[in-house]
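Asker: Fold the following and give me the result.
(2 chains)
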There are 2 protein chains.
Amino acid sequence: MKKACIISVGNELLAGLTVNTNASYLSRELMAMGIPAVSCYTVGDRIDSISRVLSQAAQQADIILITGGLGPTDDDLTRQALARFLQVELEFSEELLSRISDFFKRRDLKMSEKNKVQAYIPAGARAIANNVGTAPGIMAELNDKIFICLPGVPEEMTQMFARSVSPRLKQAGGGQVVLSRKLNCFGTGESVIAEKLGNSMQRNRNPLINCTVSGGVITLHIVATAADRAIAEDMIEKDSQQLRALLGDIVYGRDEQTLAEVIGAKLRKLRKSLAVAESCTGGLIGKLLTDVPGSSDYFKCGWITYSNEVKVRELGVDGALIEKHGSVSKEVAIAMAEGVLARADTDFAIAVTGIAGPGGGTEQKPVGLVYIAVTGPGWKDIQRYIFSHSRGHIRYRTALTALNMLRLKL
Amino acid sequence: MKKACIISVGNELLAGLTVNTNASYLSRELMAMGIPAVSCYTVGDRIDSISRVLSQAAQQADIILITGGLGPTDDDLTRQALARFLQVELEFSEELLSRISDFFKRRDLKMSEKNKVQAYIPAGARAIANNVGTAPGIMAELNDKIFICLPGVPEEMTQMFARSVSPRLKQAGGGQVVLSRKLNCFGTGESVIAEKLGNSMQRNRNPLINCTVSGGVITLHIVATAADRAIAEDMIEKDSQQLRALLGDIVYGRDEQTLAEVIGAKLRKLRKSLAVAESCTGGLIGKLLTDVPGSSDYFKCGWITYSNEVKVRELGVDGALIEKHGSVSKEVAIAMAEGVLARADTDFAIAVTGIAGPGGGTEQKPVGLVYIAVTGPGWKDIQRYIFSHSRGHIRYRTALTALNMLRLKL
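Answerer: Residues are numbered from 1 along each chain as shown, chains lettered A, B, ... in the order given. Next up, the predicted model:
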């Protein structure tokens, strides 16, 4: 089985100013193609440090992936370090320069002199196209080892990896296949899920089942190792069915599916439409819904009604209701949702009102108190929650919980 | 100046299932006490891998920090690896065992046999108390190098570092202080900034100036090393002023400040209000503005006008205008912004309309085409952009660019 080593280059990483998400992305992707990472190195923007870890990495691994240090500035030294390690010169490429200058032309921008350095690559290496930024990647081979340099900017790195690097490494991989699937869960805690799963989370099991948590979404990772793809897929499918049977509607989707995507697919299938009114989430629910390509098929509009005045004027909420119950109340949440249905003429409506904090809380209505109303043809669902932690966390949990309430009704 | 190396141990890190936040925490803390990390290594749960990187680390650094692999299970091997590297035996400590069993007693839990292994430490080393979990840390010295092992669980690690490790390292550090400040820039490319900065990004300069990019925001990190805090602060202040003078209004804020915060502070100071109308960003601009605590002081409301019908009905955009120019046009962006001002009665308005993709583009109006209108008392600013890459990227760049257009007018 081939092994990989990941090298992350950047002083900002060593200074702790940036969390290294590139290394975990690449580890995960490599694992999924049966090329486990045996180590990850982080080094600063210095030619000697980079070329030293290149030697160390080449002693342990067959595939060495380097991110960062390909930009146009003086602290970008990966090109030089790779050339030194390979004991070759940097060569200027007309073709690369014209691609880089095209990047600027298409955007009506002037190319800086500094960008010219990005047209140099080590002799004998190939460039990897970058459709997002100016820095081309580099792929080189030496003594049956493959060296791949990608930019440190995550959007550029991930796209280049998926488009150009992954197909090449799949050829190189060979041997055991490791496949994984995620099951995304919402609406309960990690310990409840662990209890429901019983001993299927044992460490020496194959498939291995791991659990991660982020923003209230609990993700179960089913990781199967097998001699070939078909066997691994069968193992995953069998476990996936078993976990879904144990967890019921707690599971909302798989892999990269979001709650908004799942709702969108159902609305499209039902040919139904949705509109929202947001107070404490300030646009976040609309943002999550419209993250999904083609969401204009079912998502019609939204109101960000951050002040009481706007709730009354735009959604027709009765001012007396706000006066009596306060804007963060069950009554106002329902009135907002009903106002949305009336104004937007959609099949479904979501409305939220709450106190995201850190200020604005009282003993009766603490920070984190949120009312969520979801309405549809002939029914309405209203829930009260008290979320905790930061403003960001409260807003995000509110948005996901609102989407989940609608999902359970569709 | 003393140097540090950070070693993270754990298969879950190499599988990409966990993002390594421990390394960035420790890097930041060490940097602040004048002991910069020169490299970080991540290795799996194997004695040979751990002891190999211990040797590599000891060649580069004076202080070696290891996290992970101190738990009670069979895959926790840091203890053994450190003993092998130090060429000593593991010794059983009665005192450690009684501390571990106390941990369980206080919680009315039965200690597992497995936990006994946590009472072993390399001969000659000292234990570091853990008040949160069962795994004691380890501190050892060899040839003037300090080796420190801490658990991988972030809550345990950070508490033990702050309580026991940090005071010891401050003695060892030897006086140098490293401080850093970020300057956040928007509205131009990395290479333009590099050109403007000239040779102030040289690698051997003090303060050192690093540059990172994320979602169009370019961050300059000014990192000063000095004999004491006051000198480092002076150096940073001087550089900061110099960079601001070179970059002008490209710099929008410092450290963790966002564009939305900077705008918010200005609006509050001017006692002015803002409302938005969003088409392609679908609520993202509202979300970013309301991420800021207290934003209700100046942010009044927003419309997510995802369909043409809603643009006409809610914002009073002339249907004939949409018919003639299309909904993604300069004319409609301006009409949306004017509609917002009229409806919301605020001082400023932002309106965006565009094609976020991946579908919906044509030759005349490609994916990424965006019109942004910003209006205020007696003026309007309208800009056309073509952003590239993913739907998410186009939407995020649109939102930040809109906020930046308003910032430059305030």
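Asker: hey, let's count contacts and neighbours off CA atoms from now on
Answerer: Fine.
Asker: Please determine how far the residue of chain A most remote from its centre is located from residue A:327.
Answerer: The outermost residue of chain A relative to its centre, with distances by CA atoms, centre = their mean, is residue A:320 at 42.9 Å. Taking CA to CA, to the nearest Å as the measure, residue A:320 falls 10 Å from residue A:327.
Asker: if we can go back for a sec, is it true that the residue farthest from the centre of chain A lies in a strand?
Answerer: No: counting by DSSP: H, G, I helix; E, B strand; the rest coil, one finds residue A:320 to be helix, located in no strand.
Asker: List the contacts of the residue of the stretch 201-350 of chain A found nearest chain B.
Answerer: Nearest residue of the stretch 201-350 of chain A to chain B: residue A:283, at 4.0 Å (CA to the nearest CA). Shown in contact with residue A:283 (CA atoms under 8 Å, 6 or more residues apart in numbering or on different chains): A:302, A:303, A:304, B:282, B:283, B:284, B:285, B:286, B:287, B:302.
Asker: helix or strand for residue A:127, which one?
Answerer: strand A:126-128 (DSSP states H and E).
Asker: same question but for residue A:223, I mixed them up
Answerer: strand A:217-226.
Asker: which secondary structure elements does that strand contact?
Answerer: Judged by 3 or more CA pairs under 8 Å, 6 or more residues apart in numbering or on different chains; DSSP states H and E, the packing partners of strand A:217-226 are strand A:177-185, strand A:208-214, helix A:229-247.
Asker: Just the buried positions in the first one, please.
Answerer: Read that as strand A:177-185. A:177, A:178, A:179, A:180, A:181, A:182, A:183, A:184, A:185 (16 or more other CA atoms under 10 Å in any protein chain shown).
Asker: my guess is residue A:276 is in a strand, correct?
Answerer: Yes: counting by three-state DSSP, residue A:276 is found in a strand.
Asker: isn't it right up against residue A:351?
Answerer: Yes: contact status for residue A:276 versus residue A:351: in contact at 5.7 Å, counting by CA atoms under 8 Å.
Asker: averaging pLDDT over each of the helices and strands packed on strand A:217-226, which comes out lowest?
Answerer: Mean pLDDT is lowest for strand A:208-214 among the helices and strands packed on strand A:217-226, at a mean of 76.
Asker: Strand partners (parallel or antiparallel) of it?
Answerer: strand A:217-226 (antiparallel) (DSSP bridges).
Asker: Contacts made by the strand it pairs with with the rest, please.
Answerer: With contact meaning CA under 8 Å, 6+ apart, strand A:217-226 is reached by A:176-186, A:189-190, A:206-213, A:232-233, A:235-236, A:239-240.
Asker: if we go to 6 Å?
Answerer: Strand A:217-226 is contacted by residues A:176-186, A:206-212, A:232 when judged by CA atoms under 6 Å, 6 or more residues apart in numbering or on different chains.
Asker: Please apply the same query to stretch A:198-211.
Answerer: Taking CA under 6 Å, 6+ apart as the rule, stretch A:198-211 contacts A:219, A:220, A:221, A:222, A:223, A:224.
Asker: how about it: buried residues?
Answerer: In stretch A:198-211, counting by 16+ other CA under 10 Å, buried: A:200, A:201, A:206, A:207, A:208, A:209, A:210, A:211.
Asker: I'd like the average pLDDT over stretch A:355-367.
Answerer: 92.
Asker: Show me chain A divided up by domain.
Answerer: A:4-173, A:177-254, A:259-409 (automatic domain parsing).
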